[in-house]
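> Pasting a predicted model and its sequence here:
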Amino acid sequence: MPRREDREKFLEYQSNFEKLDRAGLIAAYNEAWKVGLVGNHMQSINYFALHTVFEKVFGKSPITLEDDVILGLTERICEDGETWRYE
């Protein structure tokens with residue numbers, strides 16, 4: 001269920017991720033992968049923001065979504081030139 005503050009938090013998280021370089025985004029994803037999905041509402045907004053920035057920067061994301069709902073964090077990733085790949 002969306003909450004009133006969700007949009008504002010999403011934009012804040014997205015802005016923070018947009019400040020990272022490619023290596024920083026990969027590190028942020030791998031840290032999220034290590035933590036996993038714990039069912040926290042703000043965590044899902046954070047991961048959704050990370051997903052959108054991955055899509056913008058890399059044209060793909062290791063975070064799986066369906067109908068804007070996070071389904072999973074796939075596997076650890078590493079840099080591969082201008083993109084990323086699964087380790």
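Perfect, thanks for sending it.
> Need the three-state assignment for Val38.
Three-state call for Val38 (DSSP: H, G, I helix; E, B strand; the rest coil): coil.
> same check, this time on Ser61
Going by three-state DSSP: Ser61 is coil.
> And the closest residue to it other than its chain neighbours, which helix or strand is it part of?
Once flanking residues are discounted, Ser61 sits nearest to Phe54: 3.8 Å by CB to CB, 6 or more residues apart in numbering. The way it works is simple: take the backbone N, C-alpha and C, and place the C-beta from them, glycine included. For Phe54, the element it lies in under DSSP states H and E is helix 41-58.
> which regions of this structure lie under the pLDDT threshold?
For the chain, applying pLDDT under 70 flags the ranges 1.
> roughly how far apart are Tyr13 and Arg3?
14 Å (CB to CB, to the nearest Å).
> These two: which is more packed in?
Tyr13 (19 against 11; other CB atoms under 10 Å).
> which SS class is that one?
helix.
> Next up, the contacts around it.
45-46, 49-50 (CB atoms under 8 Å, 6 or more residues apart in numbering).
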